[in-house]
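Colleague: fold the stuff below for me.
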Amino acid sequence: MSQMEKLFKLKENGTTVRTEIVAGLSTFMTMAYIVALNPNLLTGFGANGGQTLWNAVFMATVLSAGIGTLVMAFAANKPFAMAPGMGLNSFFALVVGNIAAMTGMEYTGAYNAALCIILVEGILFLVLSFLRVREKIVEAIPLGVRMGIAPGIGLMLMNIGFGSNAGVRTEDGGPFYMLGTFFTNLTSSITRDTMGKEGYATMVLYVVTTLVGLFAIVAMNHKGIKGSVLYGMLVAAVVYWVGGFIFLDGFAPFASLKDASFVPPFADMMNTTFMKFDFADFFQIGWGTAVMLIITFCMIDMFDTIGTLVGTASRAGMLDKDGKMPQMKQALVADAVGTLVGSITGTSTVTTFVESASGVEAGGRTGLTSLTTGVLFLLCMFIAPIAALIPAPATSAALIYVGVLMIGGLKNIDWNDISQVVPVALMLIFMPVTGSIGHGIGIALIAYTAIKLCCGKAKEVTVLTYVLAILFLLKFFLVV
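Modeller: As a prediction, the model looks like this:
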């Protein structure tokens, strides 16, 4: 116990070993979906590259998430977890498909060519982190905009919880989402006709599971129960399993365990993606296109990571009076290491996950939280089938609850300052709609700079802020 105190300064951060471990479990359970979803997205659910590539990407996912998160634990002592970023992985899969089409290569060959982008990005970020350039970029984001990042992420989490995190596929199509289908249609009969009888029954179970989980978390938190987010997710899972057995035909959530393999597919990763960088084939797409792809990945990852770190740290009370986070350099180094490990093992950009907020809400304040999450990711090499048993609507309950709490950061905005209000308002709509924290920050920087110029206060904008605003303008309007 004294060793834990020495490593993570638990008393100084007002936490305990139990609280940190429960927080780490909470973060892991809200992120566990990435273990299967990332290889699904990067291989077209196994259609591209076959089972061998799927297995390789699965191993790359758990290794990069686990190692990157462990570096965060010991280097930065922060309760943040990492994994291959959502959005970035879909974009990466699109790039791989385009490379294959342009060069005539097989998908696996194009995949290894595209990994060159992630390698360059990781090396570049590692250098920039050590040189504190990324810290300077954080500081270039105006304080008012920084204070609005957490609420923007909160809305994004709620949108994920009611939307993309829990989709229902039926014989009539899909995926259908709670926010996009169930709560959008005028009547339940329209929803039933859209989804079909079985699909509608499943959607009702999703909605009930999510809301019961959400209200259970709120009730337990009100009673001061530590780990309310984790326990609420477990309550929701039980509701889902029981409801499925009663109301859904052929419901068998544990059937996957029957033929599940618990042996890590190391050989598939070593033979397929490990250190299989192919720069010659990558530059067949042209130097200009290659460079623009690298820049695009860097910009998206840069601001997604910065936004997540600042937003989550703000919710945890880790920012100082100037809106800066201690050990920011170390946290950014950990993020860069995660991306490097991902490129070496064979997955898309690794970034700090917004779901880390669930662990923070459970009381996580130190690297012991991320240590717990990192170890669980590494154990997924052996227990992935078990982790997959947690139903999506149970994690939605946690995401929605944490999102609601993060919106509270709006109280820190000066509502009498239009140069703060407009950028933050735009950020609040951009993050959930685009699904990108980076795009939200980008539009906020453009708006802030433009308003200052229009109001004759150009000198209040730093040179680096001007540069960032111009870069985002180029990205939004000129990069093709």
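Colleague: for the rest of this, base every contact and every neighbour count on C-alpha atoms.
Modeller: OK.
Colleague: in the stretch 151-300 of the chain, which spans are strands?
Modeller: Using DSSP state E, counting those that start in this stretch, the strands of the stretch 151-300 of the chain run over 167-170, 173-177.
Colleague: next, format those strands as TSV and append mean neighbour count and mean pLDDT.
Modeller: Shown next, in TSV, are the strands of the stretch 151-300 of the chain (neighbours: other Cα atoms under 10 Å; pLDDT from 0 to 100):
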stretch	mean neighbour count	mean pLDDT
strand 167-170	18	84
strand 173-177	17	85
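Colleague: for the ones you listed, which one sits closest to residue 368?
Modeller: Among those, the nearest to residue 368 by Cα to Cα is strand 167-170 (32.7 Å).
Colleague: compile the strands of the stretch 151-300 of the chain into JSON lines and extend it with columns for distance to residue 341.
Modeller: Shown next, in JSON lines, are these (distance: least, Cα to Cα, whole Å):
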{"stretch": "strand 167-170", "distance to residue 341": "30"}
{"stretch": "strand 173-177", "distance to residue 341": "32"}
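Colleague: just the helices from the stretch 251-400 of the chain, written as ranges.
Modeller: Secondary structure of the stretch 251-400 of the chain (DSSP state H, counting those that start in this stretch): helices at 266-272, 279-282, 287-315, 328-345, 356-361, 367-387, 392-407.
Colleague: please work out which of those helices is packed deepest.
Modeller: Greatest average neighbour count among these goes to helix 356-361 (a mean of 30), per mean count of other Cα atoms under 10 Å.
Colleague: which residues does that one contact?
Modeller: Outside helix 356-361, the residues within contact range by Cα atoms under 8 Å, 6 or more residues apart in numbering are 22-27, 30, 79-81, 229, 312, 315-316, 369, 398-399, 402.
Colleague: returning to what we had before: out of the strands of the stretch 151-300 of the chain, which is closest to residue 259?
Modeller: Closest of these to residue 259 is strand 167-170, at 22.9 Å (criterion: Cα to Cα).
Colleague: which strands and helices lie in contact with the closest one?
Modeller: Here strand 167-170 touches strand 173-177, helix 197-222, going by 3 or more Cα pairs under 8 Å, 6 or more residues apart in numbering; DSSP states H and E.
Colleague: least reliable of those going by mean pLDDT?
Modeller: Comparing mean pLDDT over the helices and strands packed on strand 167-170, the weakest stretch is strand 173-177, at a mean of 85.
Colleague: show me how far that one is from its chain's centre.
Modeller: Remark: strand 173-177 is offset 22 Å from the chain centroid, using Cα atoms, centre = their mean, to the nearest Å.
Colleague: which residues touch residue 420?
Modeller: By Cα under 8 Å, 6+ apart, the contact set of residue 420 is 144, 145, 413, 414, 448.
Colleague: from these, which would you call buried?
Modeller: When the contacts of residue 420 are checked for burial by 16 or more other Cα atoms under 10 Å, the buried set is 144, 145, 413, 448.
Colleague: from these, which two are the most distant?
Modeller: The span of the buried ones among the contacts of residue 420, defined through Cα to Cα, is set by 413 and 448 at 13.8 Å.
Colleague: can you report how many residues lie near the spatially closest residue to residue 137 that is not a sequence neighbour?
Modeller: Excluding the flanking residues, the one nearest residue 137 by Cα to Cα, 6 or more residues apart in numbering is residue 464, at 7.3 Å. Residues near residue 464, counting by other Cα atoms under 10 Å, number 14.
Colleague: counting contacts, what elements does whatever helix or strand residue 464 lives in pack onto?
Modeller: Per DSSP states H and E: residue 464 is located in helix 463-477. Helices and strands touching helix 463-477, by 3+ Cα pairs under 8 Å, 6+ apart, are helix 133-140, helix 437-454.
Colleague: helices or strands next to the worst-scoring helix or strand of the chain on mean pLDDT in the packing?
Modeller: Ranked by mean pLDDT, DSSP states H and E, the weakest helix or strand in the chain is helix 287-315, scoring a mean of 79. Using 3+ Cα pairs under 8 Å, 6+ apart, the elements in contact with helix 287-315 are helix 88-103, helix 107-130, helix 143-162, strand 350-352, helix 356-361, helix 437-454.
Colleague: residue 389 is nearest to which of those?
Modeller: Proximity to residue 389 (Cα to Cα) singles out helix 143-162 among the helices and strands packed on helix 287-315, at 17.6 Å.
Colleague: so the closest one versus helix 287-315, what angle?
Modeller: Relative orientation of helix 143-162 and helix 287-315, computed by axes from the mean of the first three to the mean of the last three Cα atoms, to 10 degrees: 90 degrees.
Colleague: doesn't residue 228 make contact with residue 221?
Modeller: Yes - using Cα atoms under 8 Å, residue 221 makes contact with residue 228 at a distance of 5.5 Å.
Colleague: quick one: which of these two has more around it?
Modeller: Just comparing residue 221 and residue 228: by other Cα under 10 Å the higher neighbour count belongs to residue 228, 25 against 17.
Colleague: thought residue 215 was touching that one, still the case?
Modeller: No - counting by Cα under 8 Å, residue 228 stays clear of residue 215, with 10.6 Å between them.
Colleague: one step back: okay if I get the contacts of residue 420 as JSON lines plus pLDDT and distance to residue 44?
Modeller: Shown next, in JSON lines, are those (pLDDT from 0 to 100; distance: Cα to Cα, whole Å):
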{"residue": "144", "pLDDT": "86", "distance to residue 44": "41"}
{"residue": "145", "pLDDT": "87", "distance to residue 44": "37"}
{"residue": "413", "pLDDT": "88", "distance to residue 44": "42"}
{"residue": "414", "pLDDT": "88", "distance to residue 44": "46"}
{"residue": "448", "pLDDT": "95", "distance to residue 44": "40"}
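Colleague: turn the residues you listed into CSV, including distance to residue 242.
Modeller: Output for those, formatted as CSV (distance: Cα to Cα, whole Å):
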residue, distance to residue 242
144, 46
145, 45
413, 44
414, 48
448, 51
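Colleague: which one of the residues you listed is nearest residue 107?
Modeller: For these, the nearest to residue 107 is residue 145 (41.0 Å; Cα to Cα).
Colleague: which of the helices and strands packed on helix 463-477 sits most buried?
Modeller: Most buried among those, given mean count of other Cα under 10 Å as the contact rule, is helix 437-454, at a mean of 22.
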